[in-house]
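Student: my questions concern the predicted model and sequence given below.
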Amino acid sequence: MAILVTGAAGFIGFHTSAALLALGQEVVGIDNLNAYYDPALKKARLAALAGKGRFHFHELDFADFAALRDALAAYRIRAVIHLGAQAGVRYSLDNPMAYIQSNIVGHTNILEYCRHNDSLDHLMYASSSSVYGGNSKLPFALEDRTDTPVSLYAATKRADELLSQSYAHLYRLPQTGFRFFTVYGPWGRPDMAYWLFTDAILAGRPIRVFNGGDMARDFTYIDDVVAGVLAAIDRPPTDDGSQHTFGSTAPHRVYNIGNHQPEPLLDMIAILEDALGKKAIKQFEPMQAGDVKETYADISAISRDLGFQPSTPLSAGLPRFVDWYRDYFKV
């Protein structure tokens, strides 16, 4: 019996796959290796997974249902960790169809695959803190309204949650969604601020600091995120009449995964400067469309149900990223 990881060549997918392999699990990974950011990084992640255990990789787009079904026909999949998606808030402003295809059509294809898979016990999927939109109440709690998205990316992620709720209600498909809060760490994504700042500071270029620096993020280290995901695999929501996240008896729950500690943007930059041994040239700019001022995760539900306790402060995790970055790029 294997575990399917979509987006296996992506940041969170790579680390999740590596952790599963280290536990002796058989992992089937799929990814389309698209060019949203340099595919060479994705291929390097896959190379790091090669030979670590029973890892089977298929290059395919899960928005193509026939390709998905045919590639997985040879495996008995007991759990799906659906981490693949078109990521990025700002990219969605100019490329909306990429998000509809990957995040809506693709998510529905995964639901359909799981619905017809008799060996499946649990579908887990990636949502995002972006679903909270313009919410000004802190911390962001699962009970807060999520019907005012400020980006198309956020709208597609909230749509995924609603699609999953429908499938759980209609077909009793056990599912857990994770609203990730600004995940960072080694092998991270080149479109994220901490990566862009590192690259610019080392090259002596200015960094773009939005909203005059008056922003904060609940930065969550990758190892903590993976620990939260792994804790859920063998604990699908029950279908016994009890209520779950949405006040429904369907076997579907949603959790925040964050560090429960918002960090001011300027503090993050200061930690980077210390780790790099070089000062940033700051270029202050207005808030960008689709962005939010602050994120802050209420993690009481996942802590209560799964024992999730993040243990990596930004002051420890960000230097680890810098060490990896220097080693990877030899700078």
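Tutor: That came through, no problem. Residues are numbered from 1 along each chain as shown.

Student: for the stretch 101-250 of the chain, just list every one of the helices.
Tutor: 106-115, 152-171, 193-203, 222-232 (DSSP state H, counting those that start in this stretch).

Student: for residue 174, which non-adjacent residue is spatially closest?
Tutor: residue 236 (3.7 Å; Cβ to Cβ, 6 or more residues apart in numbering). Any C-beta I mention is one placed from the backbone N, CA and C, and that applies to glycine too.

Student: who does residue 284 bridge with?
Tutor: With DSSP bridges as the criterion, residue 284 is bridged to residue 209.

Student: what residues does it make contact with?
Tutor: 209, 212-213 (Cβ atoms under 8 Å, 6 or more residues apart in numbering).

Student: just the closest of the residues you listed to residue 8, please.
Tutor: residue 209 (33.6 Å; Cβ to Cβ).

Student: that closest one contacts residue 265, correct?
Tutor: Yes: applying Cβ atoms under 8 Å as the test, residue 209 and residue 265 come out as touching, 6.8 Å apart.

Student: could you list the buried residues of stretch 196-213?
Tutor: Within stretch 196-213, the residues that qualify as buried are 197-198, 200-202, 207, 209-211, counting by 16 or more other Cβ atoms under 10 Å.

Student: gap between the two ends of that stretch?
Tutor: End-to-end distance of stretch 196-213: 15 Å, with Cα to Cα, to the nearest Å as the criterion.

Student: what do you get for stretch 236-255?
Tutor: Start-to-end, stretch 236-255 (Cα to Cα) is 13 Å.

Student: contacts for it, please.
Tutor: Here stretch 236-255 has contacts from 121-122, 127, 142, 161, 164-165, 168-169, 172-179, 228, 232, 299, 301-302, 305-306, 308, using Cβ under 8 Å, 6+ apart.

Student: kindly export stretch 163-177 (C-alpha atoms) in CSV.
Tutor: Provided in CSV are the C-alpha atoms of stretch 163-177 (Å, rounded to 0.1, in the frame of the first residue of the first chain):
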residue,chain,number,x,y,z
LEU,A,163,-15.6,21.1,-3.1
SER,A,164,-14.1,18.8,-0.5
GLN,A,165,-16.9,19.5,1.9
SER,A,166,-19.4,18.5,-0.8
TYR,A,167,-17.6,15.2,-1.6
ALA,A,168,-17.4,14.4,2.1
HIS,A,169,-21.1,15.0,2.5
LEU,A,170,-22.2,13.2,-0.6
TYR,A,171,-19.8,10.3,-0.8
ARG,A,172,-18.5,10.1,2.8
LEU,A,173,-14.9,10.6,1.6
PRO,A,174,-12.7,11.3,4.6
GLN,A,175,-10.7,14.4,4.1
THR,A,176,-8.4,16.9,6.0
GLY,A,177,-7.5,20.3,4.6
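
Student: no further questions, thank you.
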